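K.L.:
Here is my input, please return the structure:
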Amino acid sequence: MQTKPYSNQDGSALICALCTILIVSLIGANVLLNCTTRYNVSSKQLKGWKEALYAAEGGADIAFSEVRKFAPPSTAFLTSNGWTTTIGPSYTSYSRTDGLPYSFGQNNSLSAKVTVDQLTFTQSGQPQNYYRIRSQGTATLLGLPRVGMDDRMNNLTKGDSLLRKIDFKYDHFQAAYGDGDGNGKAIVPVLNPRITRRIETIAVPQFSTLFNGLKTASSFDGPGPAGLIDSYDSKNGTYTFVANDPSAQYYTDSHSETVSVGTASFTEGGPIYGNVTTNGGNVTHSGTNISGSIDNSVPFTIPPVVRPDTTSYTTGPGSTITLPAGTTAANPATYYYSSLSSGITINGQTLGGNGPNKNAPIETYVTIVVGVGGATGGDVSGGITIGAGVNVKIYFTGNLSLGTGNIQNNNVDGATGIYNADGSSSVDYSKSGHLQFYGVNPTDPSFQQTVSISPAGGPNKDFYATIYAPSAKMGINGNVNVFGAVVAQQFSGNGNTSFHFDKELALLLGPPTDYQIASYVEDVR
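P.N.:
Below you'll find the predicted structure:
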């Protein structure tokens, strides 16, 4: 029997197979390890990319909440809350940096830096503030500074990803764009790899109309039994009674008055050519002489008047003020008095040059605060004379008591013969709008503010002005014609008292009732 010869090659195939399996396993493990590393890096970067936006939006929300603290403005952007204020020639900026290097988010890896720029515009003849909120959110990338799946490098910072704006060693934004406008470019190291995203929002004010007729918070009793309430538009010139003549050119304007009462307490004397609203009243057309609509379910609130900060004001020069040149609605001349009981005359400026309107009056502006401080005092009771083109706002902390014979408003409805500083014709049509009184809400709850208008002081019975005094009891006595608008706590009129609302005053905006975000963009650079 022949036997198989012995071979020393037995088992080599098994060894080759095992080696092949080992090599393939090593390759697979290496591929798996590499993929896992890259996946982890990419997933962390994606997470950081999203969280950086959350941080930026969080910073913007904090700033927006400050913007909404508009009454009074002194409660917004306080240094004690971490805000820094920078005042420039034409702007005011507020900035705040939270949590550098880290203060919130998972593992305290998020931070925010916010800058708020306050911009002032003139709207309907009044300065209003708009806010640009720029917020930078940063998410720290913990671990090794890996580029991930994007290997392109920033040629300025030599190592930062362009795709996801990752800063591994340097701030790529400041290196390429500086402050965003190309100023202050610099290579600035970063403490840790990070992702930064930037957003910009614009906050715009929301307004309520300051005047829409005659408004009282608690009660109304008027007009006088022999008086009336109607309206007109000063843009069309001098007031004329046409409320009983449907064929008149301005008949519609004469029925645009609204009497608004914040409670059920409403009493009517003479005719009301317009609308009436109450909050819970039982007013009907039966038994009244009301030409417009009636609505007894209209609640409302009246924004308070806060005494302006008079830190930069000039002490009143006495009984005569000649306004300096160059005043505007946004930048009026400013004075304060402890009281105005001896009367005051305010003169404006005239148009210069050699044109046909040389020496004609131009629109000038002044704000006067009466009452240095405290709950009482600050009375206004003397005569007031204002020159043509003079726009005056008088804030009083005490009481207002005026006789129509002592009030001389030398402006004219329609602004005929009055110009702007650039020589163009004025469009500030309302004579009443040139003289505005604001009753500051008392800080002492025991003090009852009053406003009294009477026909004392001379033959003039016409009173052209606006009164906004939400805490005051207002009374008009005798044969007085009020042209303008009124906001008060209470209103009463007797005798021949009449009230004529100027529709142009509806363009006067009150303080902002709130702010809202008008735009949202992300700076993707």
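K.L.:
Any stretches of the protein with poor pLDDT?
P.N.:
1-11, 33-43, 70-74, 88-91, 98-107, 122-126, 143-164, 373-377, 510-511 (pLDDT under 70).
K.L.:
Can you pull up the most central residue in it?
P.N.:
Per C-alpha atoms, centre = their mean, the C-alpha nearest to the average position across the chain is that of Pro205, at 3.8 Å.
K.L.:
residues touching it, list them.
P.N.:
70, 128-130, 512, 514-515 (C-beta atoms under 8 Å, 6 or more residues apart in numbering). Where you see a C-beta, it was placed from the backbone N, CA and C, and this is true even at glycine.
K.L.:
Look up how far Ser254 lies from it.
P.N.:
Pro205 sits 32 Å away from Ser254, going by C-beta to C-beta, to the nearest Å.
K.L.:
The helix or strand containing Gln206: which residues count as buried?
P.N.:
Per DSSP states H and E, Gln206 falls inside strand 194-209. By 16 or more other C-beta atoms under 10 Å, the buried positions in strand 194-209 come out as 194-205, 207.
K.L.:
In these, find the pair that's most separated.
P.N.:
Arg194 and Phe207 (41.3 Å; C-beta to C-beta).
K.L.:
sorry, back to before: list just the nearest of the buried residues of strand 194-209 to Thr310.
P.N.:
Pro205 (23.4 Å).
K.L.:
gap between the closest one and Thr120?
P.N.:
Pro205 sits at a distance of 11 Å from Thr120 (criterion: C-beta to C-beta).
K.L.:
Overlap in contacts, the two.
P.N.:
128-130.
K.L.:
Which ones among these lie within strands?
P.N.:
Counting by DSSP state E, those place 128-130 in strands.
K.L.:
from those residues, which is closest to Ile27?
P.N.:
Ile27 lies nearest to Tyr130 out of those, by C-beta to C-beta, at 62.6 Å.
K.L.:
Give me the neighbour count for the closest one.
P.N.:
17 (other C-beta atoms under 10 Å).
K.L.:
What is the neighbour count of the closest residue to it other than its chain neighbours?
P.N.:
Counting by C-beta to C-beta, 6 or more residues apart in numbering, Leu119 is the residue found nearest to Tyr130 once chain neighbours are left out, at 4.9 Å. Using other C-beta under 10 Å, Leu119 is surrounded by 13 other residues.
K.L.:
Next, Leu119: secondary structure please.
P.N.:
strand (DSSP: H, G, I helix; E, B strand; the rest coil).
K.L.:
In contact with it, which residues?
P.N.:
Leu119 neighbours (C-beta under 8 Å, 6+ apart): 91, 129-132.
K.L.:
and which of those residues is nearest to His500?
P.N.:
Distances from His500 to the contacts of Leu119, taken by C-beta to C-beta, are shortest for Asn129, at 33.0 Å.
K.L.:
What residues are bridge-paired with the closest one?
P.N.:
For Asn129, the beta-bridge partners are Thr120 (DSSP bridges).
K.L.:
Report how many residues lie close to it.
P.N.:
Around Asn129 there are 17 residues (other C-beta under 10 Å).
K.L.:
so it touches Val116, yeah?
P.N.:
No. Counting by C-beta atoms under 8 Å, Val116 is not a contact partner of Asn129; they are 10.7 Å apart.
K.L.:
excluding its backbone neighbours, what's nearest the residue nearest to the centre of the chain?
P.N.:
If the residues on either side of it in the chain are set aside, Pro205 comes closest to Pro512, at 3.6 Å by C-beta to C-beta, 6+ apart.
K.L.:
so after the helix or strand where Thr86 lies, what's the next helix or strand?
P.N.:
Using DSSP H and E, Thr86 falls within strand 84-87. Downstream of strand 84-87, the first helix or strand assigned by DSSP H and E is strand 92-98.
K.L.:
From the recorded domain assignment, give the ranges for this structure.
P.N.:
Structural domains annotated on the chain: 42-142+192-207+515-523, 211-507, as defined by automatic domain parsing.
K.L.:
and the ones you listed, which is most packed in?
P.N.:
Highest mean neighbour count among these (mean count of other C-beta atoms under 10 Å): domain 211-507, with a mean of 19.
K.L.:
tell me how far the ends of it are from each other?
P.N.:
8 Å (C-alpha to C-alpha, to the nearest Å).
K.L.:
Next: stretch 352-368.
P.N.:
26 Å.
K.L.:
Touching it from outside, list them.
P.N.:
308, 316, 321, 323, 327-329, 331-337, 340, 346, 348-351, 387-395, 417-421, 423, 426, 428.
K.L.:
ok, back up a step: want to throw the contacts of Leu119 into TSV with distance to Asp502?
P.N.:
Converted to TSV, the contacts of Leu119 look like this (distance: C-beta to C-beta, whole Å):
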residue	distance to Asp502
Tyr91	35
Asn129	27
Tyr130	28
Tyr131	32
Arg132	35
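K.L.:
between those, which is closest to Tyr468?
P.N.:
Of those, the one sitting nearest to Tyr468 (C-beta to C-beta) turns out to be Asn129, at 19.6 Å.
K.L.:
List the contacts of the closest one.
P.N.:
Under the criterion of C-beta under 8 Å, 6+ apart, the neighbours of Asn129 are 118-120, 205, 512.
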